[in-house]
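Engineer: Dropping the sequence and predicted coords here.
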Amino acid sequence: MLSTAIIITVLQQHRAVVLSTAAAAVLQRTS
């Protein structure tokens, strides 16, 4: 149970990092 919660948290953080990186790349490309 605990390991599952840790995996979910890591995946959510990883997704947030990917989204923020993609957003930064788009902003740099458009500007």
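Structural biologist: All right, it came through fine.
Engineer: Kindly format the C-alpha coordinates of stretch 1-10 as PDB.
Structural biologist: Extracted as PDB, the C-alpha positions of stretch 1-10 are listed here (Å, rounded to 0.1, in the frame of the first residue of the first chain):
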ATOM      1  CA  MET A   1       0.000   0.000   0.000                       C
ATOM      2  CA  LEU A   2       2.700   2.500   1.000                       C
ATOM      3  CA  SER A   3       4.900   1.700  -2.000                       C
ATOM      4  CA  THR A   4       1.900   2.200  -4.300                       C
ATOM      5  CA  ALA A   5       1.200   5.600  -2.800                       C
ATOM      6  CA  ILE A   6       4.900   6.600  -3.300                       C
ATOM      7  CA  ILE A   7       4.800   5.400  -6.900                       C
ATOM      8  CA  ILE A   8       1.600   7.400  -7.600                       C
ATOM      9  CA  THR A   9       3.200  10.500  -6.000                       C
ATOM     10  CA  VAL A  10       6.400  10.200  -8.100                       C
END
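Engineer: could you pull out the helices for this protein?
Structural biologist: 2-30 (DSSP state H).
Engineer: Below-threshold pLDDT in it: ranges please.
Structural biologist: Judged by pLDDT under 70, the chain has no weakly predicted residues.
Engineer: Next, count neighbours for residue 11.
Structural biologist: Around residue 11 sit 10 other residues, with neighbours defined as other Cβ atoms under 10 Å. In this view, the C-beta of every residue, glycine as well, is placed from N, C-alpha and C.
Engineer: roughly how far apart are it and residue 31?
Structural biologist: With distances taken as Cβ to Cβ, to the nearest Å, residue 11 is found 31 Å from residue 31.
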